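K.L.:
One predicted model, sequence on top.
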Amino acid sequence: MTRNRQILLVSRPTGEVSHDDFQLVAAAIPELADGQVLVRHHYLSLDPYMRGRMNAGESYAEPQALGEVMIGGTVGEIVASRSDRYRVGDQVVGMGGWQEYEVVDDERAGALRRVDGAAIPLSAYLGAVGMPGVTAWYGLLQLIVPQSGETIVVSAASGAVGSVVGQLARLRGCRVVGIAGGPEKCRAVVEEFGFDACIDHRQHGDTRTLADAIAAACPDGVDGHFENVGGRILDAVMRRCNPFARIAICGLIAGYDGAAIPLREAQRILLRRLKLQGFIVSEHMEFWPPALRELGGLVASGRLRYRESIAQGIENAPAAFIGLLHGQNFGKQLVRLI
């Protein structure tokens, strides 16, 4: 059968990620054993968390091993099967990594999940109806716990996670203000995703002016904040938080290159009795089924909108990932592999 092209991590970046940290190789696809299936990946997911996994230091998960296929979510189709559980033609989501094919043992718990590409586009199972969507659902509904009439702020609001957070909050009767980079993204946050307002952080170069813009967009203060960035954005939001505001910390992309992220408004945690909580969505698997039911229904009915940036071909995964870390994507970053 055809060979399997893969992207390996071959060095740990110091500072910014480089093309030299990756290597494209071609490997033979082994013969299937009993109980195994061969999945051909249609799409590969690129996500900011991958940058943290490239480091060797302490983290919430084991570092990505050198010389191995880079980690990543995938969606595709079973093209060969020696399993009683899966048939050729089944569409499945998994963590197949940066490669075109994967051999999977059917007894490996949670390795594959069947999906329906007729009801929902396959690519959406890596975005709005996948890990990013569940991340948005859990952080908003279980940690921020929004109430109708409250004001919710979302950083990286045009991204795969942030755009879903805002739409879910709007469906629950909240006023939602996004923070994004550039006029095009801010326009889409309001016009496509239905936020009440969006602040272009590139137009506000320091914490004070950004906090003033948040105050103007949130005249009743901030009751909940979904944080994807950190740094001065988190500081600026904390300046405008109401007493007992809740902050869900999903990501801190401002520090993914290894630099420390100072928190300059820490005193407000005490003064405003703020609740800050970081979370990793994979530690809360019991919430995935209800989250996916709601998200899938909303996408299928057209009530939840999403955007995708799609690179073509496994060889372009490193460039697309580097672009993602520099904010060049719009919405969910994917690589199409077929």
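P.N.:
Sure, I can see it.
K.L.:
residues near S18, how many?
P.N.:
12 (other C-beta atoms under 10 Å). The C-beta positions use only the backbone N, C-alpha and C, and glycine is treated the same way.
K.L.:
and it, what does it touch?
P.N.:
By C-beta atoms under 8 Å, 6 or more residues apart in numbering, S18 lies in contact with I322.
K.L.:
For D105, see how far away it is.
P.N.:
34 Å (C-beta to C-beta, to the nearest Å).
K.L.:
Repeat that for D20.
P.N.:
The gap separating D20 from D105 is 33 Å, by C-beta to C-beta.
K.L.:
out of these two, which sits in the busier spot?
P.N.:
Remark: of D20 and D105, D105 carries more neighbours, 15 against 10, as counted by other C-beta under 10 Å.
K.L.:
Show me the shaky parts of this protein.
P.N.:
1, 58-59, 256-258 (pLDDT under 70).
K.L.:
And it, split by domain according to the record?
P.N.:
4-127+306-336, 131-282 (automatic domain parsing).
K.L.:
So which of those is nearest R293?
P.N.:
Nearest to R293, of all the domains of the chain, is domain 131-282, at 10.2 Å by C-beta to C-beta.
K.L.:
Helices of the stretch 101-250 of the chain, start to end?
P.N.:
Listed in chain order, the helices of the stretch 101-250 of the chain (DSSP state H, counting those that start in this stretch) span 131-138, 162-171, 183-191, 207-217, 232-239.
K.L.:
buried set for the third one?
P.N.:
Along helix 183-191, the positions that meet the burial threshold by neighbour count (16 or more other C-beta atoms under 10 Å) are K185, C186, A188, V189, V190.
K.L.:
contacting residues for the second one?
P.N.:
Meaning C186. Here C186 is in contact with S158, G178, A180, C198, I199, D200 (C-beta under 8 Å, 6+ apart).
K.L.:
how close does it sit to G178?
P.N.:
7 Å.
K.L.:
Mind listing the shared neighbours of the two?
P.N.:
S158, C198, I199.
K.L.:
Could you rank the residues you listed by neighbour count and give me the top one?
P.N.:
Going by other C-beta under 10 Å, S158 tops these with 28 neighbours.
K.L.:
In contact with that one, which residues?
P.N.:
Here S158 is in contact with G178, A180, G181, K185, C186, A188, V189, F193, R307, F330, G331 (criterion: C-beta under 8 Å, 6+ apart).
K.L.:
so the fourth one touches G331, yeah?
P.N.:
No - in terms of C-beta atoms under 8 Å, K185 does not count as a neighbour of G331; the distance is 9.3 Å.
K.L.:
residues contacting the residue lying closest to P30 once chain neighbours are set aside?
P.N.:
Nearest residue to P30, sequence neighbours excluded (C-beta to C-beta, 6 or more residues apart in numbering): V103, at 6.2 Å. V103 makes contact with I29, P30, L32, Q36, V37, L38, V39 under the criterion C-beta under 8 Å, 6+ apart.
K.L.:
rerun that using 10 Å as the cut-off
P.N.:
Neighbouring residues of V103 by C-beta atoms under 10 Å, 6 or more residues apart in numbering: N4, I29, P30, E31, L32, A33, Q36, V37, L38, V39, A80, G96.
K.L.:
Adding secondary structure, write the residues you listed out as JSON lines.
P.N.:
Shown next, in JSON lines, are those (DSSP: H, G, I helix; E, B strand; the rest coil):
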{"residue": "N4", "secondary structure": "strand"}
{"residue": "I29", "secondary structure": "coil"}
{"residue": "P30", "secondary structure": "coil"}
{"residue": "E31", "secondary structure": "coil"}
{"residue": "L32", "secondary structure": "coil"}
{"residue": "A33", "secondary structure": "coil"}
{"residue": "Q36", "secondary structure": "strand"}
{"residue": "V37", "secondary structure": "strand"}
{"residue": "L38", "secondary structure": "strand"}
{"residue": "V39", "secondary structure": "strand"}
{"residue": "A80", "secondary structure": "strand"}
{"residue": "G96", "secondary structure": "coil"}
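K.L.:
Kindly supply the PyMOL command isolating those of those that are buried.
P.N.:
Those of the contacts of V103 that count as buried under 16+ other C-beta under 10 Å are selected in PyMOL with:
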select buried, resi 4+32+36+37+38+39+80+96
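K.L.:
With distance to P48 as extra columns, can I get the contacts of V103 in JSON lines?
P.N.:
Listed next are the contacts of V103 as JSON lines, based on distance: C-beta to C-beta, whole Å:
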{"residue": "N4", "distance to P48": "26"}
{"residue": "I29", "distance to P48": "30"}
{"residue": "P30", "distance to P48": "33"}
{"residue": "E31", "distance to P48": "37"}
{"residue": "L32", "distance to P48": "34"}
{"residue": "A33", "distance to P48": "36"}
{"residue": "Q36", "distance to P48": "32"}
{"residue": "V37", "distance to P48": "30"}
{"residue": "L38", "distance to P48": "30"}
{"residue": "V39", "distance to P48": "25"}
{"residue": "A80", "distance to P48": "33"}
{"residue": "G96", "distance to P48": "19"}
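K.L.:
ok so, going back, going by distance to E294, which of the buried residues of helix 183-191 wins?
P.N.:
For these, the nearest to E294 is V189 (21.2 Å; C-beta to C-beta).
K.L.:
Looks like that closest one contacts I179 (just checking).
P.N.:
Yes - with contact defined as C-beta atoms under 10 Å, V189 reaches I179; the gap is 8.9 Å.
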